[in-house]
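> I would like to see how this sequence folds:
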Amino acid sequence: MSNGSHILLDCTGSIGINGNWMLEILENAVDNSGARRVHSHLENFDGSVSPPGFAAVVLLDESHVTAHCYSNEGLLSVDAFSCGLTDPNLIIEHIQHELVDKFPNLKIHLKKRIPRFQTESAENELKSFVHRHFNHFNAGALKECASSLNLFLNNGGNLMVTLSGAMSTAEIGKSLAPLIRNGKVHAITCTGANLEEEIFNLVANSHYERISNWRNLTKKDEKLLHDRGLNRVTDTCIPEEEAIRLVEDKILHQWKNNIAFPHEHLMAILDELEPDIPKSDSWIWAAKNMGIPIFVPGWEDSTLGNIFASYCIKGDVETTAVKSGIQYMIQLAKWYKSKTERIGFLQIGGGIAGDFGICVVPMINQDMEENVPLWAWYGQISESTASYGGYSGAPPSEKITWGKLSPDTPMHIIESDATIVAPILFSYLLD
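Sure, this is the predicted structure:
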């Protein structure tokens, strides 16, 4: 049983919102709800100490209503908490109506009611849902994997996550970035496509086009998309000018004047890029802020890799400006050897991102003739099934024969769509 209610409202699209106007809206919402207002305060921040914005609070006899804003980024968080007879939803609905009226492009990303002053223990919502409903087949495999990985991390294990396919275009950052910020991801190995498409989505998300009937497109339809500068990835089109060419213009100067790994070049220009989504939804921003290593094998296969090669052929950029996959493997070996914690491996998809990362262990043990522990936990999310010579669908036990895993390593495989499974798994670990 609860004796109060707390409603949270998180929004984007309120760029330039005025703190005095917001405080007045809060006060009117409180007065119209029947709650008793006892004090109001507004603190504006000019950017000299912290980012420009404000914090507004209205204290109630029953509790409070607040609004916090990063005005230059349009990030706004509102909450209303009442432990009395007033329904805080009346307050939130009033505030939301005023916000949408003044900012037509406002987007509501979270609206959630939380019971407060609980007198009985409550289970975590997502974990409770998974444990109740995910009991068989791939759902059961997901539950077992999530529970096992949660235990591994809680016991001090470290985790490498590998990204193949089009996970960045699928906006995996929304669930992966919080996991990184919470210290549950300690390294990332990804394809060049996932690296650059995270940046493309960061700067041009509002220009992306979704094709709901993509399975029924004709060749003529595909040509029309090309003529419009839209590069299709299943149901999502990446805009050539607003994404790819915009980043090309920024990265060229970086290539001409520095020698670095592909991800380091991109991280060096992050501050120059105007984000089109909240930075909190970007896994590369989270990785940069947390200082975790990134490894990008086969980068030349990516769009930016192709663009870089074209400048090298034309003589505008030196081939040595971008460090190679061999240098990445050397860095990966140094990182693995430096770790004292047990290290787990979560492979999303297959291909080079998965194979490159996991191969560092047999390379150190068999080729360098040194001694490091095998991977201590393994999980894979893939739609591929086992086949002759196939890597993406190979069962984890096959990796024992290559000196990557031991017979005692916890092994999990979920044969399902990673765009469904990964966000549930990541959220489970945070719940």
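> what about the strands in the stretch 51-200 of the chain?
Using DSSP state E, counting those that start in this stretch, the strands found in the stretch 51-200 of the chain span residues 53-60, 63-70, 75-82, 107-116, 158-163, 187-190.
> strand partners of the fourth one, parallel vs antiparallel please.
Read it as strand 107-116. If you go by DSSP bridges, strand 107-116 pairs up with strand 4-12 (antiparallel).
> Give me the mean pLDDT for the strand it pairs with.
For strand 4-12, mean pLDDT rounds to 93.
> Can you check what angle separates it from strand 63-70?
10 degrees (axes from the mean of the first three to the mean of the last three Cα atoms, to 10 degrees).
> Using the three-state scheme, assign residue 334.
For residue 334, the assignment made with DSSP: H, G, I helix; E, B strand; the rest coil gives helix.
> Number of residues surrounding it?
11 (other Cβ atoms under 10 Å). Where you see a C-beta, it was placed from the backbone N, CA and C, and this is true even at glycine.
> And residue 13, by the same measure?
Neighbours of residue 13 under the rule other Cβ under 10 Å: 17.
> try the one 5 residues further on
Each residue near residue 18 was counted by other Cβ under 10 Å, and the total is 14.
> Got phi/psi on it?
phi -100, psi 130 (degrees, to the nearest 10).
> again, but for residue 328
Main-chain torsions, residue 328, degrees, to the nearest 10: phi -60, psi -40.
> do residue 340 as well
Phi and psi for residue 340, reported as degrees, to the nearest 10, are phi -100, psi -20.
> List the buried residues in stretch 166-174.
The neighbour-count check on stretch 166-174 (16 or more other Cβ atoms under 10 Å) flags 166-174 as buried.
> In helices only, show me those residues.
Members of the buried residues of stretch 166-174 lying in helices (criterion: DSSP state H): 173-174.
> Report the lowest-confidence entry in the buried residues of stretch 166-174.
residue 166 (93).
> For that residue, give me its contacts.
Shown in contact with residue 166 (Cβ atoms under 8 Å, 6 or more residues apart in numbering): 193-194, 197, 233-234, 236.
> Now for the buried residues of stretch 166-174: which two are most distant?
Based on Cβ to Cβ, the longest span within the buried residues of stretch 166-174 runs between 166 and 174 and measures 14.7 Å.
> Can I get the helix or strand harbouring residue 221 in CSV, CA atoms only?
Element membership for residue 221 (DSSP states H and E) is helix 219-227. Listed next in CSV are the C-alpha coordinates belonging to helix 219-227 (Å, rounded to 0.1, in the frame of the first residue of the first chain):
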residue,chain,number,x,y,z
LYS,A,219,13.4,-1.4,-57.6
LYS,A,220,12.0,1.8,-58.9
ASP,A,221,11.1,2.9,-55.4
GLU,A,222,14.6,2.1,-54.3
LYS,A,223,16.0,4.3,-57.1
LEU,A,224,13.8,7.1,-56.1
LEU,A,225,15.1,6.9,-52.5
HIS,A,226,18.6,7.0,-53.9
ASP,A,227,17.8,10.0,-56.0
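> before we move on, the earlier item: closest one of the buried residues of stretch 166-174 to residue 24?
Using Cβ to Cβ, the buried residues of stretch 166-174 come closest to residue 24 at residue 174, 32.8 Å.
> That closest one - nearest residue in space that isn't next to it in sequence?
Spatially, and ignoring its direct neighbours in sequence, residue 174 is nearest to residue 281 (4.9 Å; Cβ to Cβ, 6 or more residues apart in numbering).
> per-domain residue ranges of the chain.
For the chain, automatic domain parsing gives the domain ranges 4-116, 127-430.
> so what's the residue nearest to residue 308 when sequence neighbours are not counted bridging to?
Spatial nearest neighbour of residue 308, chain neighbours left out: residue 322 (6.0 Å); criterion: Cβ to Cβ, 6+ apart. Residue 322 has the following beta-bridge partners by DSSP bridges: residue 260.
> Thought residue 264 was touching residue 322, still the case?
No. Counting by Cβ atoms under 8 Å, residue 322 does not reach residue 264; the two are 9.3 Å apart.
> Those two: which has the busier surroundings?
Set residue 322 next to residue 264 and count neighbours by other Cβ under 10 Å: residue 322 wins out with 23 against 16.
> where's that one relative to residue 304, distance?
Distance, residue 322 to residue 304, by Cβ to Cβ, to the nearest Å: 9 Å.
> Could you tell me which residues touch both of those two?
Here residue 322 and residue 304 have residue 262 as joint contacts, going by Cβ under 8 Å, 6+ apart.
> burial measure for residue 128, as a count.
12.
> for residue 98, same thing?
By other Cβ under 10 Å, the residues close to residue 98 number 17.
> got a list of what it touches?
With Cβ under 8 Å, 6+ apart, residue 98 has these contacts: 25, 28-29.
> Any chance of TSV for those, columns secondary structure?
Formatted as TSV, these follow (three-state DSSP):
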residue	secondary structure
25	helix
28	helix
29	helix
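> Dump the residues you listed into CSV; add pLDDT, neighbour count and distance to residue 49 as well.
Shown next, in CSV, are these (pLDDT from 0 to 100; neighbours: other Cβ atoms under 10 Å; distance: Cβ to Cβ, whole Å):
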residue, pLDDT, neighbour count, distance to residue 49
25, 97, 22, 26
28, 96, 14, 30
29, 96, 24, 29
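> Adding distance to residue 211, write those residues out as CSV.
Putting the contacts of residue 98 into CSV (distance: Cβ to Cβ, whole Å) gives the following:
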residue, distance to residue 211
25, 39
28, 43
29, 41
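> And those residues, which is closest to residue 103?
For the contacts of residue 98, the closest approach to residue 103 (Cβ to Cβ) belongs to residue 25, at 11.8 Å.
> remind me which residues of this structure are low pLDDT?
Scanning the chain for pLDDT under 70 picks out 1-2, 120-123, 389-393.
> Let's see that with 80 instead.
1-3, 84-85, 118-124, 384-394, 431 (pLDDT under 80).
> pull the longest helix from it.
Assigned via DSSP H, the chain shows its longest helix as helix 137-154.
> Output the contacting helices and strands for that helix.
Helices and strands touching helix 137-154, by 3 or more Cβ pairs under 8 Å, 6 or more residues apart in numbering; DSSP states H and E, are helix 125-133, strand 158-163, strand 343-348, strand 377-381, strand 411-414, helix 418-430.
> Try it again at 7 Å.
If you count contacts as 3 or more Cβ pairs under 7 Å, 6 or more residues apart in numbering; DSSP states H and E, helix 137-154 packs onto helix 125-133, strand 377-381, strand 411-414, helix 418-430.
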